[in-house]
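Trainee: Okay, here's the prediction I keep looking at, along with the sequence it came from:
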Amino acid sequence: MTHLPRSRFLIPTSVALLGATISAAVAQEANPKDEEAGVRESVVKIYSTTRLPEPMRPWQKAGPQEASGTGVVIDGKRILTNAHVVLYSSQLFVQPNGSGDKLPAKVKAIAPEVDLAILTLDDESFFEKRLPLPRAERLPAIKANVLVYGYPTGGSSLSLTKGIVSRIEFAPLGAGGAGLRIQIDAAINPGNSGGPVLVDGKMIGLAFSRLGGGDNIGYIIPTEEIDLFLQDVADGTYQGKPMIFDSMQTFENPALQVKLGVKKATGMIVTEPFESTPDYPLKKWDIVTQVGDREIDNVGMVQLEGDLRVRFQYLVQKLAKNGKLPLTIVREGKTSKIELPVGNDHGDLIRSLRGGYPPYFIYGPIVFSKATAEYMSLIERNPGLLTVFSFIGSPLVTRRGDRRAVGDEELVIVSSPMFPHRIAKGYSPPLAKVVKSVNGTRIKNLRHLVETLRDLKDRFVLIDFDDRNSETIVFDRNEVLEATEEILSDNSVRRQYSEEFDAIWKK
């Protein structure tokens, strides 16, 4: 499955005219004219200029890229779209259907985890003649006829495609998030992202991705997930959905059933509880048999309405109250009910930037930053580099899936090749090395590194790295401070550090 890239909007005129002709012909046939006109007025084209982060050059942003997607008017004078359409946007414009005007927009709320975002306009008169689309209150039936609106590649006017609902399941939606996902067989292409999908005149969700290499296999985010997102961001920030982080396995194998002394119980077996404290309600070898009043089968599925079966984790977002989830478990042959703590933060040591830019600190020829999911994605594209890191025991490999030991723990890395300067003579490039200590002080996070370097009084600075094959880098402290200014000037680097370290370093 791949998210739809935002379509480039420099399209050959002949292709645009052909797309417009086909779109118009399909649209006239699909719905009554009045209803069709109302839907069309509520669907907009989104133009975005993005500046992505440069994880290996964190002091700068990537060059601007122009792209487009789709959005839809919802209640509250807002426009709903996909997060990946507007993520890292430096400029945003909204263009109404049938108009040449492009209205400035801004991101009001965004959640990359569920791939949803809300836009607002400075000129709210736009919404006077463009009513919000009504959202369906229930999931659509399998085989229900759907209409997909959007601005995909191949034309400049609003496009309409038809299909049916093929499947409903609980699956990944965005960066580390999961939720209900509806599969349809209507054509979805780059630029469709954020466009509404309708059944019987009501929006059942937003188009957001397609299966790469598949034949008309597209996915939409249902209104149930949209409603949860809108409730979450009512205070202006996205907190995230409650989730279970305990590790579990299926209960299919007969030997497992014999070992646990049960024959008829169904459910999932806890292999590693999320917490190991004595008062944590789940223990290893517990069988989780029910979530709320729904039975969990031996492959982790629960039965919903009709023939719909989904992973039991779907019910967490529906049943959790005040951070607690009702479960029924079997432990050593005895059945009991528990309240399991659930949250929205797994506590990952290596986290996503979630729409932000990487922090950095330049000290002499070395650029320090923190390990992020985006940085790791660059390393993981190089199998040879991963092999080397595994061999030397780099924490980027050995701690890749770890949780933070404390709440503010980070892996501080050398994010970039060293800047050329005489004080770096003879040292091997420490690119992607994890900092272990500075002058014997164990480094906890990037802020701690900056504070440690700031407070040094020793003549020499000793930087050690956390693996089995690293040399110690030694600088004269006064020389490295002087060299920093030279390096910034020679390489046209505007700032020595990202904004959050300004007060810390100057102190």
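Mentor: Happy to help now that I have it.
Trainee: which residues of this structure fall in helices?
Mentor: Counting by DSSP state H, one finds helices in the chain at the ranges 13-30, 33-42, 83-86, 223-232, 254-259, 316-319, 373-380, 383-392, 395-398, 446-455, 477-490, 502-506.
Trainee: okay, those helices, which one's buried deepest?
Mentor: Highest mean neighbour count among these (mean count of other C-beta atoms under 10 Å): helix 83-86, with a mean of 27. All C-beta spots, glycine's among them, are computed from the backbone N, C-alpha and C.
Trainee: Can you name every helix or strand that that helix contacts?
Mentor: Of the remaining helices and strands, those touching helix 83-86 by 3 or more C-beta pairs under 8 Å, 6 or more residues apart in numbering; DSSP states H and E are strand 43-50, strand 65-74, strand 103-111, strand 116-121.
Trainee: Relative to residue 194, which of those strands is closest?
Mentor: For residue 194, the closest of the helices and strands packed on helix 83-86 is strand 65-74, at 4.3 Å, according to C-beta to C-beta.
Trainee: Now the closest one - C-alpha only, CSV.
Mentor: Taking Å, rounded to 0.1, in the frame of the first residue of the first chain, the C-alpha atoms of strand 65-74 are listed here in CSV:
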residue,chain,number,x,y,z
GLN,A,65,8.2,21.4,-4.4
GLU,A,66,4.9,22.2,-6.0
ALA,A,67,2.1,19.7,-5.7
SER,A,68,-1.7,19.4,-5.5
GLY,A,69,-4.4,17.4,-3.8
THR,A,70,-8.1,17.5,-2.9
GLY,A,71,-10.2,18.8,0.0
VAL,A,72,-13.8,18.9,1.1
VAL,A,73,-15.8,21.5,3.0
ILE,A,74,-17.0,20.3,6.4
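Trainee: Buried residues in that strand, which are they?
Mentor: By 16 or more other C-beta atoms under 10 Å, the buried positions in strand 65-74 come out as 67-74.
Trainee: thought residue 456 was touching residue 477?
Mentor: Yes: taking contacts as C-beta atoms under 8 Å, residue 456 lies within contact range of residue 477: 6.0 Å.
Trainee: Please name the residues that touch residue 507.
Mentor: For residue 507, the contact set (C-beta atoms under 8 Å, 6 or more residues apart in numbering) comprises residue 454.
Trainee: For it, give its distance to residue 376.
Mentor: Applying C-beta to C-beta, to the nearest Å, the value for residue 507 to residue 376 is 32 Å.
Trainee: Just the pLDDT at the residue nearest the centre of the chain, thanks.
Mentor: The structure's the chain has its C-alpha centroid closest to residue 175; by C-alpha atoms, centre = their mean the separation is 2.1 Å. Each residue has a pLDDT score; the one for residue 175 is 81.
Trainee: Please apply the same query to residue 507.
Mentor: Looking at residue 507, its pLDDT is 80.
Trainee: follow-up on the earlier one: with distance to residue 325 added, can I get the helices of the chain in CSV?
Mentor: Conversion of the helices of the chain to CSV gives the following (distance: least, C-beta to C-beta, whole Å):
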stretch, distance to residue 325
helix 13-30, 43
helix 33-42, 37
helix 83-86, 26
helix 223-232, 15
helix 254-259, 24
helix 316-319, 6
helix 373-380, 27
helix 383-392, 37
helix 395-398, 32
helix 446-455, 34
helix 477-490, 51
helix 502-506, 40
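Trainee: now for those, which one comes closest to residue 412?
Mentor: helix 446-455 (5.2 Å).
Trainee: how much does the closest one deviate in direction from helix 477-490?
Mentor: Interaxial angle, helix 446-455 versus helix 477-490 (axes from the mean of the first three to the mean of the last three C-alpha atoms, to 10 degrees): 120 degrees.
Trainee: Any chance you could list what contacts helix 446-455?
Mentor: 359, 361, 363, 368-370, 408, 410, 412, 435, 438-439, 441, 443, 461, 497, 500-501, 504-505, 507.
Trainee: Narrow the residues you listed to those in strands?
Mentor: With strands identified by DSSP state E, the entries of the contacts of helix 446-455 that belong to them are 361, 363, 368-370, 412, 435, 438, 441, 461.
Trainee: What subset of the residues you listed is buried?
Mentor: By 16+ other C-beta under 10 Å, the ones in strands among the contacts of helix 446-455 give 361, 363, 368-370, 412, 435, 438, 441, 461 as buried.
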